[in-house]
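Colleague: compute the structure for the input listed below.
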Amino acid sequence: MTVPARVSLVTLGVADVRRSTAFYRALGWPVSSASAEGEVTFVRTAGAVLALWSEGELAADAGASAGERSAFRGVALALNLASRDEVDEALEQMTSAGGTVVKPPVATPWGGYSGYAADPDGHLWEVAHNPGWPLGPDGLPVLP
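Modeller: Residues are numbered from 1 along each chain as shown. Next up is the predicted model:
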């Protein structure tokens, strides 16, 4: 067997599951009924499932220690959109929902347009338009 090239689930360790759930709901993202109110939230996306779980519980489950948060964790999630206007609109909605723009969108050296926002727990989201990566019917980038 080879390991399948796919991401099934992304779990974000969060300080307050209810607060984080409210943020993603305010973006209009659908929450699964498999969620346990205040304990773990599962958000349906066009790709992998996004899970919101207590940072302490996630650390314990992984056999790690929950430490102090840093501004940069070496990971960013990304949302690719069809236009520059959609990037601007998404970042405005993220701010309205309680997130923070970390880097306002700018034209990129690769011909796109990209900015970064952090959710209430500081998880980074790159919001980008890449004209070289058209979006398929599922909204996901179609790579060459």
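
Colleague: what is the lowest-mean-pLDDT helix or strand in the chain packed up against?
Modeller: One helix or strand of the chain scores below all others by mean pLDDT, DSSP states H and E: helix 55-62, with a mean of 81. Other elements packing on helix 55-62 under the criterion 3 or more Cβ pairs under 8 Å, 6 or more residues apart in numbering; DSSP states H and E are strand 9-14. Placement of C-beta: from N, CA and C, glycine included.

Colleague: which helix or strand lies directly C-terminal to the strand it packs on?
Modeller: Sequence-wise, the next helix or strand downstream of strand 9-14 (DSSP states H and E) is helix 17-26.

Colleague: and the gap between Ala26 and Trp133?
Modeller: 27 Å (Cβ to Cβ, to the nearest Å).

Colleague: ignore what I typed, I meant Glu92.
Modeller: According to Cβ to Cβ, Glu92 stands 23 Å off from Trp133.

Colleague: more crowded one of the two?
Modeller: Using other Cβ atoms under 10 Å, the more surrounded residue of Glu92 and Trp133 is Trp133, with 16 against 12.
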